[in-house]
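Asker: I need the structure of the sequence given here:
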Amino acid sequence: MPFKKIERNVHTERRIWKLENISETFAKVDLYRKKILVDPVYETYFFSTKFQDHDIDWYVKLRFRRKKLRAGIEIYFDAVEQFEPKNHVTCNFYLVDADKNEFFIGRKNRKYHSTYYYFPQTNRDIFYNQVQLPNTEDKLLPNDTMTLLIELNIYLDENPIFPLEEIEYQIEPVVNLDNISKLYPLKDGSDVKIYVQGVEFSVHKAVLKTRCPKAYKIIARHQQMSDNNDIQLILTDIKPEIFERVLEFIYTGKVKDLDNYAEDLLIAATKYKLPGLKFMCEFSLTNNYLIYENAKEIGELALWCGAHMLSFNALRLRTDATVTLMDYSVTRSGTLISTRLSGKKKVYKNHFKKDIPKGIRIVP
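Answerer: Modelled structure (predicted):
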């Protein structure tokens, strides 16, 4: 059964922050590492949003660091001041390369007026994430410039379903597909005909050999020759709309509407051994489909496909949900009562010696 996509009612605003002469910035980092009295290297960006007749000011602060031979950044994010109305907020951060590809590097969720009990370590207002930049500076840092995309989502629902705040993720290597992508979707000079449930696809054998060796081997084993000496292959274990998007990835490295087909594409990416597509599907399923109710089924799919990132995130969501999805209340005498999703309750007497924390229901 296909997983139901999460519907989120949000107000979204995006900001682009360009940091030029990035090599000079990291040169200052090297100086900081050698001399204790030199201040750490920070860059700060302020921006404003207008929402429901309220002007809200935000800041993003970067701290540049090096770990061994790799360059990295720490990102801090928050509102400049507390604001009204107190909507739930998510802020996503992306690095943008020379071809406008966006690489997710982290997010922060801020929850207000929650009915759940929050442990102290989850009450931070500051977002921290250390990102290791990949060794593709010519594409990811063109003209010695780092481009950071800041995506702010203000939720209009009272109790929204949040995407996971801390997910297992890494930046995939940037692959230059300029020459191959020019062949798509025209596919001039194609020499292979693939038929999927009666639908014909024209592809290039050389492209498959380079970008999808698994499909190339299947063709080598099961190919047939047509009257005009074209190589033909019939596939029966995949849907035409899915195979079309597999080809789109093979030629361009992207899938325009991947979020709507992530489940089937994950299976196809596993079958044809396309790690880049598999990784994109894992990320899409984590962000758009992974909630507590279907975490078990998604985890089973992830294990079957060897999708380690998705499996890890599904397991962590199920583990965290045993705490964060509990309902907590406290009596006036200080007794804490926790109620699991199953309805089972547990009582902790004299739990609070000081004032009762905010956000917990008071019961008689």
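Asker: mind listing what's buried in the one helix or strand L149 maps to?
Answerer: According to DSSP states H and E, L149 maps onto strand 146-155. Neighbour-count burial for strand 146-155 flags M146, T147, L148, L149, I150, E151, L152, N153, I154, Y155 (criterion: 16 or more other Cβ atoms under 10 Å). Every C-beta, even on glycine, is put in place using the N, C-alpha and C of the backbone.
Asker: out of those residues, flag the one nearest to R318.
Answerer: R318 has its nearest neighbour among the buried residues of strand 146-155 in Y155, at 23.1 Å by Cβ to Cβ.
Asker: do a quick rundown of the helices in the chain.
Answerer: For the chain, the helices defined by DSSP state H occupy 22-34, 137-140, 178-181, 205-211, 213-222, 240-252, 262-271, 275-288, 295-305, 308-324.
Asker: right, and the ones you listed - which one's nearest G189?
Answerer: Taking these one by one with Cβ to Cβ, helix 205-211 is closest: 9.5 Å.
Asker: mind listing what's buried in the closest one?
Answerer: Quick answer for helix 205-211 (16+ other Cβ under 10 Å): K205, V207, L208, R211.
Asker: now do stretch 9-18
Answerer: E13, W17.
Asker: pull the residues that contact it.
Answerer: Identification of contacts with stretch 9-18 by Cβ atoms under 8 Å, 6 or more residues apart in numbering yields 45, 47, 49, 51, 60, 90, 96, 145-157, 160.
Asker: from Y59, how far off is R110?
Answerer: 14 Å (Cβ to Cβ, to the nearest Å).
Asker: higher neighbour count, the two?
Answerer: Between R110 and Y59, counting by other Cβ atoms under 10 Å, R110 is the more crowded of the two (20 against 13).
Asker: separation between the closest residue to the more buried one other than its chain neighbours and H11?
Answerer: Spatial nearest neighbour of R110, excluding adjacent residues (Cβ to Cβ, 6 or more residues apart in numbering): V89 at 4.4 Å. Plainly put, V89 is 10 Å away from H11 if you go by Cβ to Cβ.
Asker: any shared contact partners between the two?
Answerer: Common neighbours of V89 and H11 (Cβ under 8 Å, 6+ apart) are N153, I154.
Asker: give me the distance from the strand holding L149 to the chain's centre.
Answerer: Remark: strand 146-155 is offset 13 Å from the chain centroid, using Cα atoms, centre = their mean, to the nearest Å.
Asker: CA atoms of it as PDB?
Answerer: Only the C-alpha atoms of strand 146-155 are listed here, as PDB (Å, rounded to 0.1, in the frame of the first residue of the first chain):
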ATOM      1  CA  MET A 146      29.400  29.900  -0.800                       C
ATOM      2  CA  THR A 147      25.700  30.300  -1.400                       C
ATOM      3  CA  LEU A 148      23.400  29.400   1.600                       C
ATOM      4  CA  LEU A 149      19.600  29.000   1.100                       C
ATOM      5  CA  ILE A 150      17.500  29.800   4.100                       C
ATOM      6  CA  GLU A 151      14.000  28.400   4.000                       C
ATOM      7  CA  LEU A 152      11.700  29.500   6.800                       C
ATOM      8  CA  ASN A 153       8.400  27.600   7.200                       C
ATOM      9  CA  ILE A 154       5.800  29.100   9.600                       C
ATOM     10  CA  TYR A 155       3.100  26.500  10.300                       C
END
